[in-house]
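Undergrad: Mind looking at a prediction? Sequence and model below.
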Amino acid sequence: MFTRPLLLLLCLLIGGPALAQTSAPAADAATAANTPAPKKHLQAVRIAGGIKLDGQLDEPVWQQAPIATDFIQNRPNPGPPERHKTEVRVLYDDANLYVGAIMHDVSPDSILRELTARDNIGNSDFIGIFLDTYHDKLNGYGFIVTTGGVQADARYSPAGGEDFNWNAVWDSRTSIQGTDWVAELRIPYSAIRFSKAPTQLWGVNFMRQRKKENQAFFWNEVKPAVDGFVNQWGELEGVSNVQPPLRLSLTPYVSGYVEHNPVAEGNQRRTTTSFNGGADVKWGINESFTLDATLVPDFGQVQSDNQVLNLSPFEVQFAENRQFFTEGTELFNKGGLFYSRRVGATPIGFYGVGRQLREHRRDGDGNIHRGEFVVSNPAVTRLLNATKVSGRTKNGLGIGVFNALSNDVYATVEDSTTGARRDILTQPFSNYNIVVLDQSLKNNSYVSLINTNVTRWGRTYDANVTGGLFRFANKKNSYAVDGRVVYSRRRGNEFGSDTTRINDRDGYKYRVSVGKISGNFTWNLSHGIESQAYNPNDLGILFGNNNITQELYLSYNKYKPFWKVNNLYTWAGVAHSMLYQPTQYQNVNLYGGWNTTFTKNFLSAGMNFDANPVTRDYYEPRSRDVLGIDLGPYWVRVPANVNVGGFLSSDYRKKMAYDLNAGIRVYGQDNRLPRPRRLGIGWSLSPRYRVNNKLNFRYSLDWNYSHNQIGYVNGGMDSDEVLDQPFMDQIILGRRNVVTVSNVLQMAYTFTNRMSFTFRTRHYTSNVRYRDFARLDPAGAEELVDYRRNRDNTYNAFNIDAVYSWWFAPGSQVSIVWKNAGYTSLDAERATPLYFDNLSNTVNTPHNNSVSIKILYYLDYLTVKRSLRWGPPSVPPASTMPLPTAPPQVRPN
């Protein structure tokens, strides 16, 4: 069935360039588009005194500096020079780099300036400077400021791509001057890292966005068809005799919480208060390396997780919202071996507390003891501290060391009769460690070594994972080969057991790929294996091992406008996977798609498809959990199926905009049992409305329906249930209909560029209705059974996150957060498919509430030292001070 499409793809891969040959001028144009632009050079000018940061550029020294101008458009039409000039100048002294920029325009109303909170650009113009301080053409910094004074900063690396979670402390001012707008930036050397060389040569680029026309421009041209971003920057010369400063800062915090739990059991208080204190420390060990440490951290104010009903055999992967684990972690994320939510995660013995409770019993004197109940069982492991040391030498060697410690965690249980309490250990004292070595090579290449380790005290197991990565590109950066080899090792017993050994003690994984990485037409061919015992999950995340995969991926993109569109991105591929041990067929997937943006109205649209023959799902039966056997003998047969989906996204410059997604998956008939066909349908609608430059609303509605889905009965069998007892030690599948609806409403009001309020509420409901049941036998065979227990289920989750944030000084913040959360799970006859009944039930169920205030104060050693010597520095009026922020992707896609 798939032989002919695969041969066609191989023909395109081998003969594509030949088939695409045209006239010599067209070929020359294509070659030029695939070749990096010549590097521009800019001279920085040293100054003796400081600059008054006011967004005016009225000091005479600004006029003495060379000008970076003649920017080249990157989007929507790569190549043409800018019509409205941009002029950028760079100055420096012993402590700071200064950037002054004048953006000429047509009229003041052509300069868009929406105010947003930190880390959002919104509907606004901006100017950005990018620095590659080691000139390795792989790693860099980005500093961006909008017309409204909102700041953004990012790190760029092969591992992390464009990382806007990184935040630095720097300063800027902006102003509107007639038909122009002006930006003035002061970037202290403490915000970046560079060598001690007497004469510096840095990579540099500048980017301007004119939101009115949805245009982006770079000083040194960035070509979409060329692989890489940092390697397409120009060069900054003239910076000399500057020394990396002592980078030492302390950010102490204090926080207070008032929490209300309306369903507290026993003698627990329903309303509790708590106070916390700690600090973040940042120390520049030398010009290359920085130590970041958080002491007694408090992550209670981070955004609530999007809880869902999980019917799959795999865990739910949640987003990381803790700043310490999102900022400056690009080295540790290499190879995908670090899932930071493991640090401070749910204790490994959390779900086993119920099995250790003393049950209802009668003692020798005939007295009845009603057994124990859980008084408290912390769902989060509190960290004692976490530390990162990272940096890169002048020779391009990146070194990263991460370490975190967590204390013992105990659940408290109480005897219902005597009131006696005892503690049950759910998480032993643990150490989490990562070491990374990453050598940057020429031609946008690298080699890396990563080791992750988890050591736990007491009766449990330890885990270690070691991986090697490489990427080698040719001199023209047009072809590359990359790969990785990873070994996982676990030693010890299951938690809480003296006898049960860990099964997956030694495992490995490798993957290698080769491909064309630049040009309109690109391709990639890859192959990989994950052994049946490969398990990085103690500090990483893996959804399924024991497989062999190979994939061919093709892509053809047009970056310049044609017909009625600005661009066109297309892709297609075929993937094949098998079980590794025993070697058995798993699935084949043929996929493809396209997306584009229309020139006239900037409406983005796209479609995608995938087709699969009959698939064997070895993970859905949970054969290891139910029968204690490895993957292979049992699988769920998934009929052949085809999926078609698409999306529309309107122009975000308009006050009212929307995103629309829809898809349908159609399955073939499974004639082995008298069942109707499966069907999957899903769609989402997300409108947004910008009231003015300070207030905006966003709403998102997601609806998904799985008809006649076949899956393992959620919750499994319970030996205490009479109706389950005949089916113990059997794999029971259910045919079910699943309807999932999610509603999210968000509001943001930005008072100034340093003060904001956000409100987010989410209601999620998922309803499962079973139709019949079958026993799964080896080789995918199924037999209907008379299983009578009602397994219908409805899960509801409701959250509110309201956050007031005020950056009262650079790096210093006050935040006030209200969090409201409620969850219900309705089983059997209580489950209801009616949405508004579920909404009413969720709203009226008692909720947990938390109100907290947290104060951070940034103390920089050099600033404090100068203040003590010269007295307190002058502080501009609050209305003119900027709020640091970071936008979504300013890098071209």
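TA: The structure has been received and is ready for your questions. Numbers count the residues shown, from 1 in each chain.

Undergrad: from the chain's centre, how far out does the host helix or strand of Ser742 sit?
TA: If you go by DSSP states H and E, Ser742 is part of strand 732-752. Remark: strand 732-752 is offset 18 Å from the chain centroid, using Cα atoms, centre = their mean, to the nearest Å.

Undergrad: Pull out the buried residues from it.
TA: Of the residues in strand 732-752, those buried under the neighbour-count criterion (16 or more other Cβ atoms under 10 Å) are 732-744, 746-750, 752. Where C-beta positions appear, they are placed from N, C-alpha and C, glycine not excepted.

Undergrad: C-terminal to it, what's the next element?
TA: Past strand 732-752, the next helix or strand by DSSP H and E is strand 755-776.

Undergrad: could you dump whichever helix or strand comes after that following strand to PDB, C-alpha only?
TA: Next helix or strand after strand 755-776 toward the C-terminus (DSSP H and E): strand 782-785. Backbone C-alpha positions of strand 782-785 (Å, rounded to 0.1, in the frame of the first residue of the first chain) are rendered in PDB as follows:
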ATOM      1  CA  GLU A 782     -10.400  -9.600  21.400                       C
ATOM      2  CA  GLU A 783     -13.400 -11.400  22.800                       C
ATOM      3  CA  LEU A 784     -16.500  -9.700  24.100                       C
ATOM      4  CA  VAL A 785     -17.200 -10.300  27.800                       C
END
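
Undergrad: and Met32, helix, strand or coil?
TA: For the record, residue 32 is Ala, not Met. At Ala32 the chain is in helix, as set by DSSP: H, G, I helix; E, B strand; the rest coil.

Undergrad: I'd like to know how far it sits from Glu829.
TA: Per Cβ to Cβ, to the nearest Å, Ala32 is found 70 Å from Glu829.

Undergrad: So those two - more neighbours on which side?
TA: Neighbour comparison, Ala32 and Glu829: the larger count goes to Ala32, with 12 against 8 (by other Cβ atoms under 10 Å).

Undergrad: Asp70 and Pro80 touch, don't they?
TA: No. Between Asp70 and Pro80 there is no contact under Cβ atoms under 8 Å: 11.3 Å.

Undergrad: between those two, which one's more packed in?
TA: Legend: neighbour count by other Cβ under 10 Å for Asp70 and Pro80, higher for Asp70 (14 against 11).

Undergrad: which residues sit in contact with that one?
TA: Residues in contact with Asp70 (Cβ atoms under 8 Å, 6 or more residues apart in numbering) are Pro81, Glu82, Lys85, Trp219.

Undergrad: Let's see that with 10 Å instead.
TA: Contacts for Asp70 (Cβ atoms under 10 Å, 6 or more residues apart in numbering) come out as Lys40, Pro81, Glu82, Lys85, Thr86, Glu87, Phe217, Trp219, Glu221.

Undergrad: With Lys388 as the reference, measure out to the closest residue to Phe402 other than its chain neighbours.
TA: Among residues not flanking Phe402 along the chain, Ile434 sits closest, at 4.1 Å (Cβ to Cβ, 6 or more residues apart in numbering). For Ile434, the distance to Lys388 equals 9 Å [Cβ to Cβ].

Undergrad: overlap in contacts of these two?
TA: Common neighbours of Ile434 and Lys388 (criterion: Cβ under 10 Å, 6+ apart): Thr329, Leu331, Phe332, Gly400, Val401, Phe402, Asn403, Ala404.

Undergrad: Tell me which entries of these lie within strands.
TA: Residues of these located in strands (DSSP state E): Gly400, Val401, Phe402, Asn403, Ala404.
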